[in-house]
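*Asks:* got a sequence here, can you model it:
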Amino acid sequence: MNNPNNIGIFLIKKIIRLITLLIAVCILSFVLMEKSPIDPIKAYVGADLSVTQEQREEIANHWGLNKPPAERFISWFSSILKGDFGTSMIYRRPVIDVITEKFMASLALMVVAWTISGILGFVMGVISGIKEGSIVDKIIRGYCHILISTPTFWLGILLIMIFSVKLKLFPVALGVPIGVLASEVTLKSLLKHLILPALTLSVIGVANICLHTREKVIEISNSDYVLFAKARGESSKSIIFNHIIRNVALPAITLQFLSFSELFAGTIFAEQVFSYPGLGQATVDAGIKGDLPLLMGVVIISLIFVFTGNLIADILYKVIDPRMKEGNTN
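*Replies:* Numbers count the residues shown, from 1 in each chain. Presented below is the predicted three-dimensional model:
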């Protein structure tokens with residue numbers, strides 16, 4: 001992987017795969033929206049019964065909804081190639097502006113949840129693997145198995161009931177206090193609104209990284225070089241830090257980057273439960289109200305986001321793992 005030619009070929013293959021995947025996902029998303037029973041014009045008008053049929057036709061003409069599906073897709077795709085994502089029917093603003101605003105709000109939520117779940121899951125996995133068969137191991141495994149089967153929205157509602165309704169420690173919903181100007185929102189207020197959604201995603205995200213790390217710790221603990229280290233008289237502390245953790249860290253980091261797709265999916269549910277104004281909530285609104293330009297823009301951005309996580313994981317494995325280096329050298 002240290003060879004620049006190998007890196008170049010690897011990245012070219014990844015870029016080609018990304019382009020192919022983007023085209024396929026865009027076509028599939030467009031077809032699904034076309035087959036959806038949602039009427040974009042009715043969703044656009046809302047409950048206003050005073051809108052006449054002529055006005056509906058004008059709306060359809062303005063947004064290009066009266067054109068054949070194939071023509072609309074080609075027109076939209078041509079605009080995307082020029083860097084124009086179109087205008088959102090819901091927000092009446094350029095799609096790229098809406099996505100940028102919403103993505104920054106979601107990014108803060110995802111970064112906090114991703115960091116906490118990764119660190120906590122890794123530490124718990126190491127402890128569980130080292131204490132294999134003990135009561136601590138059973139508690140951690142039981143906790144993880146429960147979390148795997150726990151829906152994100154259910155956990156979010158539970159946290160609201162406990163910490164917002166009963167204890168009144170955190171706000172029930174939204175990203176900022178109601179009735180406060182954006183320029184007057186303090187960092188403390190932002191954090192108070194961020195804690196419960198981030199905690200929901202963090203708690204759910206711990207399970208996979210913890211169980212995977214536990215299995216790797218057990219595997220490495222039973223390996224020949226660890227047994228040789230024990231026979232050589234190395235202390236348990238030295239074995240854990242010099243042999244187990246160092247060899248477990250790479251698979252754990254790789255798995256953490258591969259979890260971008262799960263993190264993004266979880267964010268959609270968490271933002272709906274907490275009415276958090278992020279990309280997840282915008283995705284649901286776009287789907288429910290038939291906002292095709294916004295939904296397609298979100299599909300592209302989310303796909304690139306998830307693909308980036310997978311790409312970083314692949315690069316880490318190829319750059320850091322000595323077995324990959326040896327394989328490329330041979």
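*Asks:* now the residue nearest in space to the middle of the chain, what's its secondary structure?
*Replies:* By Cα atoms, centre = their mean, the chain has its centre lying nearest to residue 264, at 2.1 Å. Three-state call for residue 264 (DSSP: H, G, I helix; E, B strand; the rest coil): helix.
*Asks:* tell me where the stretch 151-300 of the chain has helices.
*Replies:* Under the criterion DSSP state H, counting those that start in this stretch, helices of the stretch 151-300 of the chain are mapped to 152-159, 187-221, 224-231, 236-239, 245-258, 260-273, 279-288, 292-320.
*Asks:* quick check: residue 292 vs residue 28, distance?
*Replies:* Distance, residue 292 to residue 28, using Cβ to Cβ, to the nearest Å: 13 Å. Every residue, glycine included, has its C-beta placed from N, CA and C.
*Asks:* the more surrounded of the two?
*Replies:* Neighbour totals were compared for residue 292 and residue 28, and residue 292 leads with 26 against 11 (other Cβ atoms under 10 Å).
*Asks:* pLDDT at the more buried one, what is it?
*Replies:* Looking at residue 292, its pLDDT is 84.
*Asks:* name the nearest residue to the residue nearest to the centre of the chain, sequence neighbours excluded.
*Replies:* residue 302 (5.7 Å; Cβ to Cβ, 6 or more residues apart in numbering).
*Asks:* neighbours of that neighbour, how many?
*Replies:* Neighbours of residue 302 (other Cβ under 10 Å): 23.
*Asks:* distance of it relative to residue 173?
*Replies:* Distance from residue 302 to residue 173, by Cβ to Cβ: 23 Å.
*Asks:* next: residue 37.
*Replies:* 29 Å.
*Asks:* next one: residue 241
*Replies:* Noted for residue 241: a distance of 43 Å to residue 173, by Cβ to Cβ.
*Asks:* which of the two has more neighbours?
*Replies:* Shown here are residue 241 and residue 173; by other Cβ under 10 Å, residue 173 has more neighbours (17 against 11).
*Asks:* out of everything not next to it in sequence, what's closest to the more buried one?
*Replies:* residue 275 (3.9 Å).
*Asks:* next, the angle from the helix or strand containing residue 122 to helix 292-320.
*Replies:* Using DSSP states H and E, residue 122 maps to helix 95-130. Following axes from the mean of the first three to the mean of the last three Cα atoms, to 10 degrees, one obtains 40 degrees for the angle between helix 95-130 and helix 292-320.
*Asks:* buried ones in helix 95-130?
*Replies:* Neighbour counts using 16 or more other Cβ atoms under 10 Å place 95-96, 98-99, 102-103, 105-106, 108-110, 112-114, 116-118, 120-122, 124-130 of helix 95-130 among the buried residues.
*Asks:* and the residue nearest to residue 307 when sequence neighbours are not counted, how far is that from residue 24?
*Replies:* Take residue 307 and drop its neighbours on the chain: the residue closest to it by Cβ to Cβ, 6+ apart is residue 18, 5.4 Å away. Distance, residue 18 to residue 24, using Cβ to Cβ: 11 Å.
*Asks:* higher neighbour count, the two?
*Replies:* Counted by other Cβ under 10 Å, residue 18 and residue 24 do not tie: residue 18 has more neighbours, with 16 against 11.
*Asks:* low-confidence ranges in the stretch 101-250 of the chain?
*Replies:* Along the stretch 101-250 of the chain, segments meeting pLDDT under 70 span 174-185.
*Asks:* list the contacts of stretch 93-111.
*Replies:* 85-88, 91, 175, 194, 197-198, 201, 263-264, 267, 270-271, 276-282, 293-294, 297-298, 301 (Cβ atoms under 8 Å, 6 or more residues apart in numbering).
*Asks:* quick one, domains of the protein?
*Replies:* What the TED database lists as the domains of the chain is 4-93, 96-320.
*Asks:* ranking these by burial, who's on top?
*Replies:* domain 96-320 (a mean of 18; mean count of other Cβ atoms under 10 Å).
*Asks:* now residue 238: closest residue in space that isn't a chain neighbour?
*Replies:* Closest to residue 238 by Cβ to Cβ, 6+ apart is residue 229, at 7.7 Å.
*Asks:* got a list of what the one you found touches?
*Replies:* 238, 239, 243.
*Asks:* as TSV, the residues you listed with distance to residue 56 would be great.
*Replies:* What follows is these, written out as TSV (distance: Cβ to Cβ, whole Å):
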residue	distance to residue 56
238	75
239	73
243	70
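*Asks:* between these, which is nearest residue 11?
*Replies:* When those are ranked by distance to residue 11 (Cβ to Cβ), residue 243 comes first, at 33.2 Å.
*Asks:* how close does that closest one sit to residue 250?
*Replies:* 13 Å.
*Asks:* what does residue 64 give?
*Replies:* 49 Å.
*Asks:* before we move on, what about residue 148?
*Replies:* Residue 148 is 23 Å from residue 250, by Cβ to Cβ.
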